[in-house]
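1. Could you look at this predicted model? Sequence included:
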Amino acid sequence: MNRDKTIALLLVLIIIFKLGDLYVDFENQVESHHLLQEIILIILSSSIFVFLVNDIKKRSKQAQLLVQQLRLSKAHSDNLSKKVIETKAKFFEGIAEQFDHWELSKTEKEVALLLVKGLSNFEIAEVRGKSEKTISHQASAVYKKANVTGRHELAALFFEELIGN
């Protein structure tokens, strides 16, 4: 924008100097084709100045509109993020309540949560530093207490509520 303002200022100076030159040439009765040339240069410079000023105003309005849209988008995004965080917290509270209802042990709750998140027995064993066989036994205990046949049914119990059955 500063570059545009500098160009506009230079155009104003050119117009002022050309008007002064035209006045001096007119007073000295310089040939009419030279005066016509000066007038044409003044008209062209003035036209470019007007175009540049209008373009600066247009881009300034567009920039202000973009800033306003950016603020609205950020506010909307912040609101959505807040809602997602709240929903996630409620979802995990619901899972914890259900785990309590099933009377899962602390270890079974940890394994069950990882199962719901979609981790395999191998991945859970890696995360928890246990053998895959131990995790398999703990998962079986979770399935039995939850009265489901496997990890997919366990996860479905929670996710069906999210999507409205």
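-> Yep, it's here.

2. Quick check: what element follows the lengthiest helix in the chain along the chain?
-> Selection of the longest helix in the chain by residue count, based on DSSP state H, yields helix 32-101. Using DSSP states H and E, the next helix or strand after helix 32-101 towards the C-terminus is helix 106-116.

3. What average pLDDT does that following helix get?
-> Mean per-residue pLDDT for helix 106-116: 93.

4. so what does it touch, helix or strand wise?
-> Helices and strands touching helix 106-116, by 3 or more Cβ pairs under 8 Å, 6 or more residues apart in numbering; DSSP states H and E, are helix 32-101, helix 121-128, helix 132-146, helix 151-163. All C-beta spots, glycine's among them, are computed from the backbone N, C-alpha and C.

5. so how far is it from its chain's centroid?
-> Offset of helix 106-116 from its chain centre (Cα atoms, centre = their mean, to the nearest Å): 35 Å.

6. Buried residues of it, list them for me.
-> The neighbour-count check on helix 106-116 (16 or more other Cβ atoms under 10 Å) flags 108-116 as buried.

7. before we move on, back to that, can I get the helices and strands packed on helix 106-116 in TSV including mean neighbour count, distance to L13 and mean pLDDT?
-> Output for those, formatted as TSV (neighbours: other Cβ atoms under 10 Å; distance: least, Cβ to Cβ, whole Å; pLDDT from 0 to 100):
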stretch	mean neighbour count	distance to L13	mean pLDDT
helix 32-101	12	10	91
helix 121-128	16	72	93
helix 132-146	17	81	95
helix 151-163	13	68	80
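
8. okay if I get these as CSV plus distance to I16?
-> Shown next, in CSV, are these (distance: least, Cβ to Cβ, whole Å):
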stretch, distance to I16
helix 32-101, 10
helix 121-128, 77
helix 132-146, 85
helix 151-163, 71
